[in-house]
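In: Starting from these lines, generate the structure:
(chains A and B)
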Amino acid sequence: MSLLLSNFTREWVVFTGSLFFLFLSSAWGQENCSYSFQAQLIDLHEDSPLVDARIVLLGTDKITSSTEEGRFQIQGLCPGTYKIKFSHPLCDPQTKTIQIPQKKPFVFHLEHHVNTLAEIIVSEESFKKIRKSQVESGLNTNELIRQQGGNLATALSELSGVNKLQTGTGLAKPIIHGMYGSRVGIVMDGVRLQDQEWGADHAPTLDINVADNIKIIKGAGVLRYGGDTPGGIIVLQKNRKAFQDTLINRIGTTLESNGRGGGLFAKSQWSNGLGSYAQFNITAKRLGDLMTSEDVLSNTGLVEKAFALTWGRNKIQSGWEASYRFYDTQIGILRSAHVGNTGDLARAIASPKPIIIEPFTYSLGVPRQENQHHNGKLSYFKRFHEVSKWELNYNVQWNHRQEFDVRRGELKKRPAIDLSLWTQDLEVFLETRLGQNYKLSGGLSGKIQDNFSDPETGVKRLIPDHNKYQWAAFSSLQYAPDNQWNIDAGFRFEGIHYSAQKYYDEKDWMNRGYAVDFPNISIVDYGTQLLAAIDLNFLTFSSSLGIGYNWTPTQQLLFNFNHSERTPNPSELFSDGLHHALATIEYGELRLQKEQVNKWILGVDSQQEKFQYAASVYYSDLRNYIIIEPNGFEQTVRGAFPVWQYQSVMGNLAGMDLDLVYSPRPWLQYKLTNSVIRGHDRTRDRPLIDIPPFSLRQQLTLMPLQKGGWEISLKHHYTAQQTRFPDNNFDYNRLVDGALAATSIDISTPPKGFHLWEVNWAFRIQNKARKFWDFRIIVDNLTNTSYRNYLNRLRFYADEMGRNIKLQVNYNF
Amino acid sequence: MKTFKYPLFGALLAIGLLLTQCSKDDDTPELVNEEEVINRVTFDVTADGSTTTYTWEEGATSFSLPLKANKAYEVAVSFFNATDPADVEAINPEVIEEADEHQVFYENSSSFVAIASVSSDNKDSAGNPLGLKTAWTTTAAGEAVVRLYLIHEPSTKSGTSRADFGGETDVQIDINVAVTE
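Out: Here you go, the predicted structure:
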């Protein structure tokens, strides 16, 4: 087999080589000197773009360098044969021959070997993972430096189709194509983050400063990480380590006027010529109370500490990596947003200002969240038969989350929620090339999760103690017959077993009909409460198909179909408790079935030098889509509380994303991103809740930052009022002249639309390739506009943040 | 490569086994009796030296307090956590201990019942009556709803409407006061 394959590879090199020359000699000549040549440089082993390579067209004065995507373009060429020279900091210069006019897209593959670092293989190679068949968007290193000190959701909401769901200002999670929480996966270093993402008042527990780039995969290609993410997967990656003695360090700080604090960030990347590498990150951040345009948002401070260490060795043929990440945050939640009952909620909604405004402070009171996340990973890979590779990945995560509430007496110091989630994950992954046109990959994985809810809280558990066992088998096949077509298809089988032990109120167990529907659940009676041992099994099958077609070297048409199946999460199945921010009682539902989403995406992508755009439309058909909706009232000592119940509906989501960049001059750039989305609940024929309203972002940049110099940009962000929303209003009885009078409490109507402006001034002094000083002044909400955001669950209590002036200094050395 | 491969797998296996051993699968979770819940409220209504006790239990949708016209009553309100029937916990001592953070308020817009503070009431550090004991005076027959609040962390201790106090509502009960001749 090995002999066969390697022979095959050799033959194929000869074959494609001759095709290449055939193509050159048959090139079609014309005396018009307005041709351009475009190509992309890819690292053969990592399939990643080669950034900052220098490209010289010999015999002309044309010099350029490759972009973040490894692309370059040379214009104003006459027909003929040219010699083109590539050089890269990690390689010796190499020269190849090209023919103008260019008829097909070119991808040059560069290979780094431990022994011969400078070897370059240039071929009109057909197999490129980078040649995409799926709609992707992302943030590169430069954009991430600008987001330094921010959180993941805020950084990503720069992209079209991405919004954030907030609980106040400190807690934010990304919404992709109208979906969030368990429907959006977050993958860092190839590992899916396991951090109780099922709650809405939660933020991903990771430090974005560890990542060098972030990508959102909305279509296929996510099956390795899960079949349950119809929203998409957010992939955070570190840069590929160079095979040479390098030490890159960055220290930076961001100071913020709003919150009167800031952060310190340090990063160090080391590698040597033997393939060994290490990376170290440290983040420390502190903010005090934030401000709206007028008032202090009491108890909205933040303390964040993070630390990450990676150590590994890549020897091309094999390699290993060990990493550990630690993340710790304490986040204050607006004091005014803690309400005792619906009457308090009604008063808060009626008040134009937060009910509690205290002087600015750095100290965090209640309510607040404290989260710690530990993440350890060991991985090993080995290549064999030249075209195949297997990987073994082991990952362990511990997530600890405590919520401190407004409590009485001795209980003040005790958290009201105290959850620990252990996850262990083992994966075997295999990848092989079958001939030059096919790439087959697949794997098996097993996961064990243990959730423990500390009874010391003295509060009924929101999420019960449970174990979750999960196995998965996945595979995908990529087919790229030429440089124009790329097709991939894949599937994932997953089995999930929940084993939970949960206390129910005896009345509740009967009223909800569980006693009848689940006769096999064993019950231990404790008087008013009973302990149910619940075992649930789910089997899911997810699949995807992606087709990419390049009709010109720079223009691409993309189609994706995904069928995803998601098991209800612990919150949807088991949650049971009072929600103090919305004065609601939330109940899970044991009878929920797996959720199924069919999603179609059609996209077009064009990367011309002056004008680049990506547009896509999508439609999702939702079956058993799990949402939480009001369902009656419960009488308590605090009055009548609305009960919100998880339930499943049929529905659909459809939308459109547009990104465009127009650079008429080298010193001028205009960017526009825009997204529209509609969500509909077919079961009750009404709009879905929490769907992002229309939004438009525009940015005008003078002197886009290259190697050095200055840049100034002005951003405008418009968010319309959401006009499609479900009516969840309810009646509250006021006392009028000794009698009860019902008044409607409006918790449904979205706030008005708003315009925000941002200015960004950057200055960079660069003396060597990797040595630079970077200064930035960013003014968010320049006009100090007062506004409220539909996607903020605390919108009833206070305005959003007012003006924020940020000063950033970074030193790379 | 061999030098790395085996220690790596060894470490991996060891960690895997260790963690599986730690898992708490078979432990029965401890029963949680909510510690700060108020689910019973009693009213001790004293007139002419005799006291009648009226009890409101969680889940009750209406609660009636029958009174006679043209009479003076002293009403003492008590809060309890009766989650565990064998160990009913009185909340009043906690309210009195944290007097500055609590306030009892009756929202009353009827014309025939007057509710006033009494000197025997518990007071906070600033001398404000807590409202645990109040004097009710009836002037005519009629029916009205009086709303009882126990307010946690009020922004001020005096007011004529619920909104004046700020803070959060820990208890809110509607009392159907029926005054007969």
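In: okay, CA-based contacts and neighbour counts for the rest of this
Out: OK.
In: what ranges do the strands span in chain B?
Out: B:40-47, B:50-57, B:64-68, B:72-81, B:89-90, B:102-107, B:113-117, B:133-138, B:142-152, B:168-180 (DSSP state E).
In: Need the ones you listed in CSV (columns: distance to chain A and mean neighbour count).
Out: Output for the strands of chain B, formatted as CSV (distance: least, Cα to the nearest Cα, whole Å; neighbours: other Cα atoms under 10 Å in any protein chain shown):
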stretch, distance to chain A, mean neighbour count
strand B:40-47, 8, 19
strand B:50-57, 8, 14
strand B:64-68, 14, 17
strand B:72-81, 10, 20
strand B:89-90, 13, 18
strand B:102-107, 8, 23
strand B:113-117, 10, 17
strand B:133-138, 14, 21
strand B:142-152, 5, 22
strand B:168-180, 4, 20
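In: Of all those, which one is nearest A:A762?
Out: strand B:168-180 (46.5 Å; Cα to Cα).
In: which residues sit in contact with residue 162?
Out: Assuming you mean chain A. Each residue near A:V162 by Cα atoms under 8 Å, 6 or more residues apart in numbering or on different chains is listed here: A:156, A:174-177.
In: you looked at the wrong chain, it should be chain B
Out: Per Cα under 8 Å, 6+ apart, neighbours of B:R162: B:105, B:107.
In: same thing but at 7 Å, please
Out: For B:R162, the contact set (Cα atoms under 7 Å, 6 or more residues apart in numbering or on different chains) comprises B:E107.
In: lowest-confidence helix or strand of chain A?
Out: Lowest mean confidence among the helices and strands of chain A (mean pLDDT, DSSP states H and E): helix A:2-25, at a mean of 43.
In: follow-up on the earlier one: would you mind saying which of the strands of chain B lies nearest A:L392?
Out: strand B:168-180 (53.4 Å).
In: Specify the angle between the closest one and strand B:142-152 in degrees.
Out: Calculated by axes from the mean of the first three to the mean of the last three Cα atoms, to 10 degrees, strand B:168-180 forms an angle of 160 degrees with strand B:142-152.
In: Run the chain-centre distance for strand B:168-180.
Out: Between the centre of strand B:168-180 and the centre of its chain there are 13 Å (Cα atoms, centre = their mean, to the nearest Å).
In: Pull up the pairing partners for that strand, direction included.
Out: As defined by DSSP bridges, the strand partners of strand B:168-180 come to strand B:64-68 (parallel), strand B:142-152 (antiparallel).
In: In CSV: those, plus mean pLDDT.
Out: Shown next, in CSV, are the strands paired with strand B:168-180 (pLDDT from 0 to 100):
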stretch, mean pLDDT
strand B:64-68, 93
strand B:142-152, 93
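In: So which of the ones you listed is nearest B:V118?
Out: Among these, strand B:142-152 sits nearest to B:V118 (Cα to Cα), with 16.7 Å.
In: before we move on, the earlier item: need the strands of chain B in CSV with distance to A:Y469, can you?
Out: Output for the strands of chain B, formatted as CSV (distance: least, Cα to Cα, whole Å):
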stretch, distance to A:Y469
strand B:40-47, 42
strand B:50-57, 42
strand B:64-68, 53
strand B:72-81, 39
strand B:89-90, 41
strand B:102-107, 47
strand B:113-117, 61
strand B:133-138, 56
strand B:142-152, 43
strand B:168-180, 40
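In: For A:S34, which of these is the nearest?
Out: Per Cα to Cα, nearest to A:S34 of the strands of chain B: strand B:168-180, 73.1 Å.
In: Show residues contacting the closest one.
Out: Strand B:168-180 is contacted by residues A:339-341, A:344, A:637-639, B:63-69, B:141-154 when judged by Cα under 7 Å, 6+ apart.
In: picking up where we left off before, among the strands paired with strand B:168-180, single out whichever gets nearest to A:R71.
Out: A:R71 lies closest to strand B:142-152 among those, at 62.6 Å (Cα to Cα).
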